[in-house]
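Student: Predicted coordinates and the sequence they were generated for:
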Amino acid sequence: MAGYNHLFVPGPTNVPESVRQAMNVSMEDMRSPSFPAFTLPLFEDMKKVFKNETGRVFIFPSSGTGGWESAMTNVLSPGDKVLMSRFGQFSHLWIDMAERFGMQVDAIDCEWGTGVPVEIYAERLQADKTHQIKAVFCTHNETATGVTSDVAAVRAALDAAGHPALLFVDGVSSIGSIDFRQEEWGVDCAVSGSQKGFMLPAGLGFLSVSQKALAVAKTAKHHRCYFSFDDMIKANDTGYFPYTPATQLLRGLRASLDLIAGEGLENIFARHHRLAGGVRRAVDAWGLRLCAKEQKWQSDTVSAVLVPDGIDSAEVVRRAYQAYNTSLGVGLSKVAGKVFRIGHLGWLNDVMVCGALSAAEMALLDCGVKIAAGSGVGAAIEHFCLSNKTTLAKAA
């Protein structure tokens, strides 16, 4: 099919041309004397994205799942009690990993379309007078349902209970796109990956850890090797890695971090909020609903759109791909066939989002969903025009 392929899944996301070009380099010697001059500033600039002032960031040749594994195996021990919640496919997989590693998991099952149950967390923490809970887990952005949870509120619950448990956050589809403040919120382990807000291909797993987590890791009793903090620290402190790093991805990461710094994190957060607002206006205009049960849960990086009864959302996704050369996200697990997902994160602007909405609208019409042609796109255009007028007025 002529023209570009349009990618609007919630990851991998679009890669900026400057990042692609930065990765198009010859193979290099990762043991050369000049390599630390490249890597040491990279580690420091990664900390800025996480807003981690006193800890450190590890960069693994893996996916975000590798970051999950590194956090668990370095900081926790088999048999440790952990507090977790399940409200989507990725929070479920995190629980599954904890159980496989022999953790004693207190898993709270929540309705899909909601997020971390802060009130229940607060109750469990207040009741845990002997501090048996060693870590509390929070999926910041549940990609399967388009739900964002309140990390700061989880920290407040820990503080109110005077509880010393570590705070783990899955920020794979939020960090670099949605407001995240590791130091301020007292997050001990924050996980992300290269293929979302960092605007890279998949292949790098990021783990940002606090000084508290680094200290606890010294006495944790889990077996670890590939994801060992000790091995990484010893090599990273000199600008190297304990095994062959993904050098081309690291070159792309340098270009990505430069783009992030150039736009500014706060501006990036505002842009994602504006783009998400356009998608939400379109969904309203179609007469459809988001999977997120309330406005407070709505994600600024991915929208999971419920289709009417009798419509298979997988067919909507297939139609968008086959007829309009556009990739949308399918529904996963409990919401398979019920939702399609529009990823609106990373290297994205108003016009690109309007393209995603056009493809989604045509696919919905083709699949028999009763909506007015142009209604969703028109609503998004009105939102973007109003937002841009407001921005220009403030600048004047």
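Tutor: Cool, the structure landed. Every value quoted in this text rests on a predicted model; they were computed, and no experiment measured them.
Student: could you measure the closest residue to Phe227 other than its chain neighbours against Leu207, distance?
Tutor: Once flanking residues are discounted, Phe227 sits nearest to Ser70: 3.6 Å by CB to CB, 6 or more residues apart in numbering. To be clear about C-beta, it is placed using only N, CA and C from the backbone, and glycine gets the same treatment. Remark: distance between Ser70 and Leu207 (CB to CB, to the nearest Å) = 5 Å.
Student: shared neighbours, the two?
Tutor: In terms of CB atoms under 8 Å, 6 or more residues apart in numbering, Ser70 and Leu207 are both contacted by the residues Phe58, Phe60.
Student: ok, the residue nearest to Phe227 - how many residues close by?
Tutor: Using other CB atoms under 10 Å, Ser70 is surrounded by 26 other residues.
Student: cool, and Leu259?
Tutor: 15.
Student: hang on, it packs against Ala22?
Tutor: No - judged on CB atoms under 8 Å, Leu259 makes no contact with Ala22 at a distance of 10.1 Å.
Student: what are the ranges of the strands in the protein?
Tutor: Counting by DSSP state E, the chain has strands at residues 6-8, 56-60, 81-86, 104-109, 133-139, 141-142, 147-148, 166-170, 189-193, 205-209, 289-290, 302-306, 326-328, 339-343.
Student: Name the stretch among those strands that sits most buried.
Tutor: Mean neighbour count (mean count of other CB atoms under 10 Å) peaks for strand 141-142 among those, with a mean of 32.
Student: That one - contacts with which helices or strands?
Tutor: In terms of contacts (3 or more CB pairs under 8 Å, 6 or more residues apart in numbering; DSSP states H and E), strand 141-142 is packed against helix 89-100, strand 147-148.
Student: Residues touching the shortest one, excluding its own?
Tutor: Going back to what we said before, that points to strand 147-148. 87-88, 113-115, 140-142, 174, 178, 291-292, 297-301.
Student: do the same with stretch 264-273
Tutor: 48-49, 51, 176-179, 197, 260, 263, 300-301, 344-345, 348-349.
Student: can we see that at 6 Å?
Tutor: With CB atoms under 6 Å, 6 or more residues apart in numbering as the test, stretch 264-273 has contacts from Ser177, Asp179, Asp300.
Student: Ok, stretch 233-251 next?
Tutor: 22-23, 25, 28, 30, 35-36, 39-40, 61, 203-204, 231.
Student: what does stretch 165-182 give?
Tutor: Stretch 165-182 is contacted by residues 10, 49-52, 64, 71, 133-141, 143, 151, 187-193, 196-198, 208, 269, 272, 300-301, 345 when judged by CB under 6 Å, 6+ apart.
Student: Would you mind measuring from Thr219 to Phe229?
Tutor: Thr219 is 12 Å from Phe229, where distance means CB to CB.
Student: and the two? which has more neighbours close in?
Tutor: For Thr219 and Phe229, the more surrounded residue by other CB under 10 Å is Phe229, and the numbers stand at 23 against 8.
Student: how far is stretch 292-308 from where the chain is centred?
Tutor: Centroid separation between stretch 292-308 and its chain, computed with CA atoms, centre = their mean, to the nearest Å, is 15 Å.
Student: Low-confidence stretches in the protein?
Tutor: Applying pLDDT under 70 to the chain picks out residues 392-393, 395-396.
Student: Spatially central residue for it, please.
Tutor: Ser173 (1.3 Å; CA atoms, centre = their mean).
Student: and Glu28, how many neighbours?
Tutor: 14.
Student: meant to ask about Asp159, not that
Tutor: Neighbourhood size, Asp159 [other CB under 10 Å]: 11.
Student: Distance-wise, check it relative to Leu125.
Tutor: Taken as CB to CB, the span from Asp159 to Leu125 is 10 Å.
Student: Just put the contacts of stretch 233-251 in JSON lines and tack on distance to Met362.
Tutor: Output for the contacts of stretch 233-251, formatted as JSON lines (distance: CB to CB, whole Å):
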{"residue": "Ala22", "distance to Met362": "35"}
{"residue": "Met23", "distance to Met362": "34"}
{"residue": "Val25", "distance to Met362": "40"}
{"residue": "Glu28", "distance to Met362": "45"}
{"residue": "Met30", "distance to Met362": "47"}
{"residue": "Phe35", "distance to Met362": "49"}
{"residue": "Pro36", "distance to Met362": "51"}
{"residue": "Thr39", "distance to Met362": "46"}
{"residue": "Leu40", "distance to Met362": "49"}
{"residue": "Pro61", "distance to Met362": "39"}
{"residue": "Gly203", "distance to Met362": "33"}
{"residue": "Leu204", "distance to Met362": "35"}
{"residue": "Asp231", "distance to Met362": "51"}
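Student: If any of these are buried, give me the PyMOL selection for them.
Tutor: Those of the contacts of stretch 233-251 that count as buried under 16 or more other CB atoms under 10 Å are selected in PyMOL with:
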select buried, resi 22+23+30+35+39+61+203+204
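Student: Right, I'll leave it there.
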